[in-house]
Structures are given as structure tokens and as C-alpha cells.
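[1] based on what follows, work out the 3D shape:
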Amino acid sequence: MTALTLSLAVLIISIILCFTAGLITRNYSQVDRLWSILPVVYAGIWLPTYSSNPRYLIASALVLLWGTRLTVNFALKGGYAFSFRKGFTGEDYRWDYLQQKIGSRLRFELFNLLFISTYQLVLIFLFTYPLYHYGRITGSITRTEYVLYALHALLLLSETISDSQQLRFYRRKDASPWSELHRYQLGFNTFGFWKYSRHPNYVCEIGQWVIVYLYLAAASGTHHWSMAGALLLMGLFAGSTAFTERITSGKYPEYVRWRQMTSVWIPFIRAVRSREERREFLS
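    Down below sits the predicted model:
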């Protein structure tokens, strides 16, 4: 069995396990628990083939750091909470909301099979796949690649900071005396990176996998069809952003105003309200 065949077998097994676990437990966050793990697994499967290639070692090390950090962050939020009676108990609140909207259990299980389990897990493989071809490139590492390594590390650091800021905000939101402050009473984070972008962690997540594809493009000097993985990831996060913000706007009325003052992803990508108005809103 080749390394690529083995990684495809892991993909198929993951789809079967995630769908079955969701069907039995009615907890549909199984893919969330694998999101940060499977890219590291794939990179590890391909590592023996490219262990003598320094460019693959650097890129896969950055993917390993990404996966380790994101797994720890997900665990801190209770994503791996486990009960011997119920299995994993942590679940993304959006799946429960969507179940209520869809209504029919049969339709939702079809959604579980086709989108939650199959599409998302195939997507994880696709945005990691450029790394496999990147390991096949020989020759000296170019300056462009070194710049991309630095950008990858910067995005990883920024995602770490934004996730830390988000975790700290929610821990303080309901804790006295923090809960008495206006910016905590809003219900959503307006601190740190979150003051300038409503989803800074999404920007950094997408950016890192775009860079993984750019490694291949820069080293080979041409484009590859595997860029589809990064493009589809953008589409997934665009849909996730719209869905999340619809729920948040219904839960926190002031969020509608906040959307008018900030950029959805990249800070200052569009005109924002005046500093005075923002300062008044946050005071």
C-alpha cells in the first residue's frame, strides 16, 4: 500500500466512523474533533516518503504546530469532553440550531452523511493534499518559499492570539466583576484582534492553507488542481460566517450595529464607521 493509498483509506474510514457516530449518538461534531488531527495524520503518513526533503520537513512541521495548537484550543473549549454513557458530549451549537430548522430527522441524517461527514472530511484531505505534491519537488529552497514559511508562522501566531483572546473573553463574560463591564454585557467579543475583524481566527485559518498550496505553486513554478482545496475552504468559511452571524444577530441585538462598524474578515477591507462612533459604542 502506497502512502497516498493509505491516506485515502484513512479518509474513507473517517467518513464511515463520523457518520455512524453521529447517527448513533446524535452528536454531530465528530468531524470537528478530527479537523485539527487528520492533516497531521496525512502529513505523517507521507513523511517517510519525503523524509530527506527539507522543504517538506519545514512545511509539515508548521502543519504539526497548527494541528497541535488547534487541538489544544478545541480541548480547552470542551470539544473532547467524554462520558462513558454518552461518548463525546461537546457539540457545536450550530448543529442543534440547524436540526430545528430542517425538522425531519431523515433529512438531517442525509445532511450528516453528505455534508457534515463526507464533504467536510474530503475537504480536509483536499486542502492538505498540496503538501503531498510539495514533497516531490527537488532542488534548493527558493527565497519565495522562505517568505511563505515566515507568513505561515505569522498566521499561526495570529490565530493563536485570536483564539486566546476569544477564550479569555468567554471565561470573563459571566465572571464578576468582568460581567459588569459594558463590553462584556454586549455578549460578543470586541477586544484585541476582534475589535478590527469579526472573525480573525477564520482569516488566519484560511490563510495558512492557502499558503500550503502556494508552497507547491512557488516551488513548481506552475499551478496545480489541488488549489481547489483552499478555494473550497474559503467557500465553507464564507457559509459558516453567514450562518454564525445570523444566529449571533438573533441572540445579541447590538451585533447588528457592530457588523456595520467592522470588517467581517480582513481588517479595514471596507470603510468602517468613525472612530468616535466606535468608541461610543464600546464605552
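
[2] only C-alpha atoms from now on, for both contacts and neighbour counts.
    OK.

[3] tell me the pLDDT at the residue most central in space within the chain?
    Nearest residue to the geometric centre of the chain (Cα atoms, centre = their mean): residue 205, 5.2 Å. Residue 205 is assigned a pLDDT of 97 by the prediction.

[4] test my guess that it contacts residue 160.
    No - the pair residue 205 / residue 160 is not scored as a contact, 10.1 Å apart, by Cα atoms under 8 Å.

[5] contacting residues for the residue nearest to the centre of the chain?
    Residue 205 makes contact with 155, 156, 159, according to Cα atoms under 8 Å, 6 or more residues apart in numbering.

[6] now swap in residue 66 and tell me
    Per Cα under 8 Å, 6+ apart, neighbours of residue 66: 36, 156.

[7] and it, that's in a helix?
    Yes - assessed by DSSP: H, G, I helix; E, B strand; the rest coil, residue 66 belongs to a helix.

[8] measure it to residue 160 for me?
    9 Å (Cα to Cα, to the nearest Å).

[9] anything in contact with each of the two?
    With contacts defined as Cα under 8 Å, 6+ apart, no residue is shared by residue 66 and residue 160.

[10] coming back round to it: could the contacts of residue 205 go into TSV alongside secondary structure and pLDDT?
    Below are those laid out as TSV (DSSP: H, G, I helix; E, B strand; the rest coil; pLDDT from 0 to 100):
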residue	secondary structure	pLDDT
155	helix	98
156	helix	98
159	helix	97
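
[11] just the closest of the residues you listed to residue 109, please.
    residue 159 (32.4 Å; Cα to Cα).

[12] remind me which helix or strand residue 124 belongs to.
    Per DSSP states H and E, residue 124 falls inside helix 120-128.

[13] again with residue 276
    helix 275-282.

[14] for residue 78, same thing?
    Residue 78 belongs to no helix or strand, assigned by DSSP H and E.

[15] again with residue 184
    helix 182-185.

[16] who are the packing partners of that helix?
    With contacts defined as 3 or more Cα pairs under 8 Å, 6 or more residues apart in numbering; DSSP states H and E, helix 182-185 has these neighbours: helix 143-173.

[17] so what's the residue count around residue 20?
    Number of residues near residue 20 (other Cα atoms under 10 Å) recorded here: 17.

[18] what distance do you get for it to residue 111?
    Residue 20 is 13 Å from residue 111, where distance means Cα to Cα.

[19] still on that earlier bit, which positions in the helix or strand harbouring the residue nearest to the centre of the chain come out as buried?
    For residue 205, the element it lies in under DSSP H and E is helix 200-220. Residues of helix 200-220 classed as buried by neighbour count (16 or more other Cα atoms under 10 Å): 200-219.

[20] how far does it sit from its chain's centre?
    On the basis of Cα atoms, centre = their mean, to the nearest Å, helix 200-220 is displaced by 13 Å from the centre of the chain it belongs to.

[21] that helix to helix 143-173, inter-axis angle?
    In terms of direction (axes from the mean of the first three to the mean of the last three Cα atoms, to 10 degrees), helix 200-220 departs from helix 143-173 by 170 degrees.

[22] after helix 200-220, which helix or strand is next?
    That would be, after helix 200-220 and using DSSP H and E, helix 227-251.

[23] got the angle between the next helix or strand after that next one and helix 227-251?
    Where DSSP H and E defines the elements, the next helix or strand beyond helix 227-251 is helix 254-261. With the same axes, to 10 degrees applied, the angle from helix 254-261 to helix 227-251 works out at 130 degrees.

[24] angle of helix 254-261 against helix 275-282?
    160 degrees.
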